[in-house]
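Peer 1: kindly generate the corresponding structure for this input.
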Amino acid sequence: MQPTVHVFGGTSDARLLCRTLDQAAIAYSLSVASEVGKSLAQDVAGQIHVGRMNAGEMQAWFQRQQIGWVIDAAHPYATALRANIQAACRALGIPLLRYQRPSEIDVVRHPLITRVTNVAEACQCASRLGQRILLTTGSKELADYVRLLPGKMLLARVLPTSEVIGQCEALGLGVENIIAMKGPFTAALNQAVYQFCQADVVITKESGAEGGYQQKIEPCIALGIPCIVVERPASAKTADYGDVITSLDELENYVTRWINREHSL
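Peer 2: Down below sits the predicted model:
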């Protein structure tokens, strides 16, 4: 069946959204950035497109597939992807819905937690707090952390894939620097990792419940370790979204409206 809806996102949020579309028997396709994202999405019924696209390539894809509705469920920090999605949908007049995972950044407040707005601020703060810095921010900005924290012992918790490990090694990170694990993790496991690493400071992101945000923060407080949280970037051009939703219940309402629209055509 030709997909009429296209979903962006290799996150757990995106896969949950896809299952809602599966239950409603809506034909759709799903964009993921890598083969890892594809392997994690094996339980969804939609067609899977692997690889990054710029705005022009997205437009061509939408036109070839006759896409009538786009759902942006990409990671909260995927600002470049978000801008491309918005530009492509705007150019073709395709309705665009954004799923934004709820933030938990205000749930836990403590003197050990420092909030910053970008990687540079995180590095500036971390450089004053100790030598052993544990990064639980993924691999995307790893090169920036290496560049901005010279002379520090960086401990990078990243996905256990050959591509990511190769990226770490290319940046000069060896076996003593790499912790290859797939999350999200429990608070107990995070606490054990922090203790094993003897981390002086932890840097993380505002990942929400799906990313185990509180489970990363609470062990820092329990162990007395400073934690730096890189806040989510503000969603640029929010007017380009028809609507922004934060729950699957809200999505079900949109799915019902989409089905009614398709049947009326």
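Peer 1: contacting residues around V201?
Peer 2: By Cβ atoms under 8 Å, 6 or more residues apart in numbering, V201 lies in contact with 126, 129-130, 132-134, 225-228. In this view, the C-beta of every residue, glycine as well, is placed from N, C-alpha and C.
Peer 1: likewise for A180?
Peer 2: A180 is in contact with 157-160, 164-165, counting by Cβ under 8 Å, 6+ apart.
Peer 1: now do A120
Peer 2: 144, 148.
Peer 1: one step back: in strands, which of the contacts of V201 fall?
Peer 2: Residues of the contacts of V201 located in strands (DSSP state E): 132-134, 227-228.
Peer 1: wouldn't Q167 be in contact with K140 here?
Peer 2: No: Q167 lies out of contact with K140 (Cβ atoms under 8 Å); the separation is 9.7 Å.
Peer 1: what's around S39, how many residues?
Peer 2: Using other Cβ atoms under 10 Å, S39 has 12 neighbouring residues.
Peer 1: repeat that for F8.
Peer 2: So F8, with other Cβ under 10 Å, has 28 neighbours.
Peer 1: can you turn the buried part of the contacts of A180 into a PyMOL selection?
Peer 2: In PyMOL syntax, the buried subset of those is picked out as below (16 or more other Cβ atoms under 10 Å):
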select buried, resi 157+158+164+165
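Peer 1: need the contacts of A180 in JSON lines (columns: secondary structure and distance to I113).
Peer 2: Converted to JSON lines, the contacts of A180 look like this (DSSP: H, G, I helix; E, B strand; the rest coil; distance: Cβ to Cβ, whole Å):
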{"residue": "R157", "secondary structure": "strand", "distance to I113": "18"}
{"residue": "V158", "secondary structure": "strand", "distance to I113": "23"}
{"residue": "L159", "secondary structure": "coil", "distance to I113": "25"}
{"residue": "P160", "secondary structure": "coil", "distance to I113": "28"}
{"residue": "V164", "secondary structure": "helix", "distance to I113": "27"}
{"residue": "I165", "secondary structure": "helix", "distance to I113": "30"}
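Peer 1: need the contacts of A180 in JSON lines (columns: distance to I221 and pLDDT).
Peer 2: Output for the contacts of A180, formatted as JSON lines (distance: Cβ to Cβ, whole Å; pLDDT from 0 to 100):
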{"residue": "R157", "distance to I221": "19", "pLDDT": "97"}
{"residue": "V158", "distance to I221": "24", "pLDDT": "95"}
{"residue": "L159", "distance to I221": "26", "pLDDT": "91"}
{"residue": "P160", "distance to I221": "28", "pLDDT": "92"}
{"residue": "V164", "distance to I221": "29", "pLDDT": "92"}
{"residue": "I165", "distance to I221": "31", "pLDDT": "95"}
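Peer 1: need the contacts of A180 in JSON lines (columns: distance to R109).
Peer 2: Converted to JSON lines, the contacts of A180 look like this (distance: Cβ to Cβ, whole Å):
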{"residue": "R157", "distance to R109": "24"}
{"residue": "V158", "distance to R109": "28"}
{"residue": "L159", "distance to R109": "30"}
{"residue": "P160", "distance to R109": "33"}
{"residue": "V164", "distance to R109": "32"}
{"residue": "I165", "distance to R109": "36"}
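Peer 1: nearest to G37, of the contacts of A180?
Peer 2: Of all the contacts of A180, the one with the least separation from G37 (Cβ to Cβ) is L159, at 10.4 Å.
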